[in-house]
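In: predicted structure and sequence below. I'll ask about it afterward.
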Amino acid sequence: MRVLALSSGGKDSCYAIWWALMRGWDVVGIITVRVTGDDSMMFQLPTVGIARLQADAGGIPWHEVEVEGHEEVEMIELEQGIRRITGDGGVDAIICGALRSDYQKTRVERMCERLGLLSFTPLWHHHADQHMVELVDHGFDIMLTSVSAEGLGHEWVGTQLDSDALERLCILSTTHRFNVDGEGGEFETAVVAAPWMNGAIEMKCSHHSRGVRHWLQIEHSGVV
């Protein structure tokens, strides 16, 4: 099976790539969507450029597709980008790390149907607590790059989720009733090391805030 992976550089994208590699599939490319507008209903905005470094560390070709972020056309823009990447074929499927978003999953599935490709969402409906514990236990080094939920202050931005930090996050999620896996948009992540990557990513970032939202902007990064 030859597959392309949609990846923002976050925890779920990276886990889905590992799932495909563990099955013996050939991940022939990683596609990152870069939103040129102010927002997107579909795609992550902060720190997505880290996916290029992850791809380099994993020895996987990396591709970037630009979309404006308008709901009506962003999937069409992505589809056109994938057609340019696949060219004459040689790809069987697309994988993505959707957890519970029907909106995200169905839009990717419809796009794959138009492209004549299979669609795989291997993490679909994973139990939130178990999913986060497995990520840490399997050696995924996860950094919070954006937070926007009650209970998650600016001090959480840049936090790397080891067992202790994850325990504190679980307590806060219960107290403030947010999703511990961030599926409600409570936080976004970047993976700086993973089982399928050779080396780790170091980043120099600046912190930014607007209202209840706090996020990182990468100023410099590299694989060490």
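Out: Thanks, I have the structure now. Numbering: from 1, shown residues only.
In: where do the helices sit along the chain?
Out: Using DSSP state H, the helices of the chain run over 11-22, 50-58, 74-86, 102-115, 128-137, 163-176.
In: output the below-cut-off pLDDT ranges for the protein.
Out: For the chain, the stretches with pLDDT under 70 are 38, 41-42, 45-47.
In: for burial, what's the neighbour tally of R34?
Out: For R34, the neighbour count with other CB atoms under 10 Å is 16. From N, CA and C alone the C-beta is placed, and that goes for glycine too.
In: same question, K204
Out: 9.
In: so how far is D162 from it?
Out: Noted for K204: a distance of 21 Å to D162, by CB to CB, to the nearest Å.
In: what does I95 give?
Out: 27 Å.
In: what does R210 give?
Out: Counting by CB to CB, the gap from R210 to D162 is 28 Å.
In: which of those two has more residues huddled nearby?
Out: Neighbours per residue (other CB under 10 Å) separate R210 from D162, with D162 holding more: 11 against 8.
In: who's in contact with the more buried one?
Out: For D162, the contact set (CB atoms under 8 Å, 6 or more residues apart in numbering) comprises V136.
In: quick check on it: phi, psi?
Out: Dihedral pair for D162: phi -90, psi -170, per degrees, to the nearest 10.
In: contact partners for M143?
Out: Applying CB under 8 Å, 6+ apart, the residues near M143 are G158, T159, Q160, L161, T189, A190, V191, V192, M203.
In: torsion angles phi and psi at the first one?
Out: Just to be clear, that refers to G158. phi 90, psi -10.
In: quick check: it touching Q217?
Out: No - in this structure, G158 is not within contact of Q217 by CB atoms under 8 Å, at 11.4 Å.
In: mind listing the shared neighbours of the two?
Out: What both G158 and Q217 touch, as defined by CB under 8 Å, 6+ apart, is the set C205.
In: who has more neighbours, those two?
Out: Shown here are G158 and Q217; by other CB under 10 Å, G158 has more neighbours (16 against 11).
In: next one: that one from M111, what distance?
Out: Relative to M111, and taking CB to CB, G158 is found at 34 Å.
In: do the same with L144
Out: Where M111 is concerned, L144 sits at a distance of 29 Å (CB to CB).
In: more neighbours: the two, which one.
Out: Neighbour totals were compared for L144 and M111, and L144 leads with 24 against 18 (other CB under 10 Å).
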